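*Asks:* sequence and predicted structure below; questions after.
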Amino acid sequence: MRFSVLHLLLLGTALAAPIQDLEQASKRAEENSLIARGLVPILPRIPAFVPPKPIKPPVNGPDAPVSPKPPVGGPDAPTTPDTPAPLRPNPDPAKPPTDTPENPGLIPNDDPKPKPPATDPDVPVRPNDPDAPATQPESCVLKRCVGPYEPLAGAPESWKTGGVDYPEKGFKTHKTLDKVNAGEQEANPRFTGDLTDNGRYVRNIKPDSKAPDREYLKDPRWKDAFAQDQKFSETEILNRQTQLDEFNNWKNGDFADQLRRQGASEDDIFMAQLSQDLDGAAMVRTLENPEKGSVVVKASFNNEKDLYRKYTGEVGENPATGRPYTYERPGFGNKAEEVGWTDQLMANWRKSAADAGVDVKSLKYIAQDDITRHTATQQVIDGVMEVMEGRVGTMLTVRRTGGSAKETASFDALAGTVHGQRPIQMATDHHVELGNPTVDAFHVLKSADGRYDMVIEFGHAAPTA
C-alpha cells in the first residue's frame, strides 16, 4: 500500500500532539513544586530603585545643615546610657490648688506651687530625712498668712486640753509674729535691759560648760550645734537676797499658820518648810552657744520660784483627807521690777552673744530639754504623732510650710503649747533685735522611756521696706 506525502504529514501531526501535551504538563508540575518550596516567585521580580548616596558637606562648614532633634521625652526618642529615659506624657495639665475639705490648708494664687529648693534630682527627699531642706517659699501659701483659723477635721481630743484649743492658740501666736515682721503691727518688748540692773535678779554664769549628753541633741538635723565638743555658757537666774529674806520670814510665819489651820502637825509643818527652801534655787537655767546659734532650756520654774510672783501651791499630805495641804504665797519686792520668762531668755542670749562677740541675730535653735512637768505639752505631742504618723523613738519634723492641712494643724498645735508659744513670743517682742525671726519647724521626740523633747528651728523673714 502506498502512502502519499500528505498522508504521512497528517499522521506525524496526530502522533506528535500528545507528546507536547505531556511535556507541558511535566513542566507545570515541576514549576508548581518549586513555587511551593519558595524557590521560584509567583510574581515576576522587579528590581528595587536605589538612589545614589548624597555628597555630604563639610561638618564645620558655613553651609553645614542642622539636623532636627527629636523632642525630649517623645515616644520615638532614642535612649542611650548618657541620656535619660523618655518621659511619659502627662495628659492632665497642672491645676491650681483648690480649697477643699481634704486640703483646706492651701489658697489659690498665680503661682500655686512654690518652687522646690535645688536638690540632686537623683536623690529622693523624704519628709523627715535629716538632710531634707526646709521648704520655705518666698510667699506663704498657707491660710494663716491671709485668712482666718480653720480647725482640722477629726483633730485629736488631746489638742483641746484644759479648755485650751492649742492649734487655734498657736495659729494666732505665729500670725502675730507674721504681722510684726511685715510691719503691720508694732512689737512691744517689755524689757530690753540687763537682768542684774538695779539688783532685779542674780545671774550666775558657768563658762566652758557642755550641752546635755542626750541622743536627740546629736541628731544630724542640727549638725554640731549641740555637740559635746562645743563650749556652752550655763546661765542661772536666781532671786536677790532681800527677797529671799522676806520669803523665809513668811515661811516661818504665815505659811506655817496656813498649814495649822488645815490640821497639819508640827512635824508636817517642819517637813513642808524644808521643801520650800529657795536659797540658791534657780528659776531659769539655760545653756547658750552663740557661735552655733543654739540654746538649751534646762530648767524653767518661774511661776514657783520667781518671788516677784504670787503663787498657789500644794505640799505634803493631809492624813485626814488624803490630799495635799494647800497654801497661798504673796509676791515679794517691787512687782514692777519682775521680768517674764521670754525676756529672761532673751537677756541670757543677749549677754552670751555679747560676751562671745557674736551677732545676736545668729539664733537658730532653742531646745526644750526633757519636758516632764507639763502634761498638756506631752498630750499635744502625742496628738501630733497620731496625725503625722510619727513613731516612738524617732524624731518627727513638723514644718510651718509643709503644705498639707495635717502638718499645718500639727505646727499650730505645737506653737500653742507653753514650750512653743514662749519662744515665738520672744521672737515677736524682740523681732528687730533678732532680725525678723520666724519659726520654720518644730522637731519633737517621744522616747521609749517616756521622755519628751522639742527643738525649735528659727529662720528669718525678708526685711520690710
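*Replies:* Perfect, I can see it now.
*Asks:* in the stretch 101-250 of the chain, mark out all the helices, start to finish.
*Replies:* 166-181, 241-250 (DSSP state H, counting those that start in this stretch).
*Asks:* which of the ones you listed sits closest to residue 446?
*Replies:* Closest to residue 446 of these is helix 166-181 (CB to CB; 16.6 Å). (C-beta placed from N, C-alpha, C; glycine too.)
*Asks:* tell me what the closest one is packed against?
*Replies:* Judged by 3 or more CB pairs under 8 Å, 6 or more residues apart in numbering; DSSP states H and E, helix 166-181 is in contact with helix 405-416, helix 418-429, helix 431-434, strand 437-446.
*Asks:* so for the third one, mean pLDDT?
*Replies:* Taken as a whole, helix 431-434 has an average pLDDT of 95.
*Asks:* return the list of helices and strands in contact with it.
*Replies:* Using 3+ CB pairs under 8 Å, 6+ apart, helix 431-434 sits against helix 166-181.
*Asks:* what sits up against the helix it packs on?
*Replies:* 140, 144-145, 149, 151-152, 155, 159-160, 185-187, 376, 380, 400, 409, 411-417, 420-421, 424-425, 427-428, 431, 436-439, 461, 464 (CB atoms under 8 Å, 6 or more residues apart in numbering).
*Asks:* quick check, residue 284 in contact with residue 296.
*Replies:* No. Residue 284 is beyond contact range of residue 296, at 11.9 Å (criterion: CB atoms under 8 Å).
*Asks:* weed out the non-buried ones from the contacts of helix 166-181.
*Replies:* 140, 144, 149, 152, 155, 159-160, 187, 376, 380, 400, 409, 411-417, 420-421, 424-425, 427-428, 431, 436-439, 461 (16 or more other CB atoms under 10 Å).
*Asks:* what sits opposite residue 328 in the beta ladder?
*Replies:* Counting by DSSP bridges, residue 328 is bridged to residue 312.
*Asks:* poorly predicted segments of the stretch 351-465 of the chain, please.
*Replies:* 463-465 (pLDDT under 70).
*Asks:* let's go with 80 and repeat that
*Replies:* Residue ranges of the stretch 351-465 of the chain with pLDDT under 80: 373, 402-403, 462-465.
*Asks:* over to the chain?
*Replies:* In the chain, residues with pLDDT under 80: 1-148, 373, 402-403, 462-465.
*Asks:* 70 instead?
*Replies:* Residues of the chain meeting the criterion pLDDT under 70: 1-147, 463-465.
*Asks:* what residues does stretch 415-422 touch?
*Replies:* The contact list for stretch 415-422 (CB under 8 Å, 6+ apart) reads 164-171, 173-174, 341-342, 345, 368, 371, 374, 376-377, 380, 414, 424, 439, 442, 454, 456.
*Asks:* among these, which ones are buried?
*Replies:* Members of those classed as buried by 16+ other CB under 10 Å are 165-171, 173-174, 341-342, 345, 368, 371, 376-377, 380, 414, 424, 439, 442, 454, 456.
*Asks:* how long is stretch 390-409 end to end?
*Replies:* 15 Å (CA to CA, to the nearest Å).
*Asks:* domain parsing for this structure?
*Replies:* Domain assignment for the chain by automatic domain parsing gives 157-239+284-303+339-460, 240-277+307-336.
*Asks:* hey, which of these is tucked in deepest?
*Replies:* Comparing the domains of the chain by mean neighbour count (mean count of other CB atoms under 10 Å), domain 157-239+284-303+339-460 comes out on top with a mean of 19.
*Asks:* can you give me the end-to-end span of that one?
*Replies:* Termini of domain 157-239+284-303+339-460 sit 33 Å apart (CA to CA).
*Asks:* same check, this time on stretch 149-161
*Replies:* When the termini of stretch 149-161 are compared using CA to CA, they are 18 Å apart.
*Asks:* I would like the residues contacting it, please.
*Replies:* Contacts to stretch 149-161, defined as CB under 8 Å, 6+ apart, come from residues 101, 104, 143, 165-168, 171-172, 375-376, 379-380, 382-383, 386-387, 405-406, 408-409, 412-413.
*Asks:* also stretch 300-318?
*Replies:* The contact list for stretch 300-318 (CB under 8 Å, 6+ apart) reads 239, 243-244, 246-247, 259, 262-264, 268, 271-272, 275-276, 278, 281-285, 323-335, 337-338, 340-341, 344.
*Asks:* ok, now stretch 250-260?
*Replies:* If you take CB under 8 Å, 6+ apart as the criterion, stretch 250-260 is touched by 268-269, 272-273, 276, 315-316, 325-330, 332.
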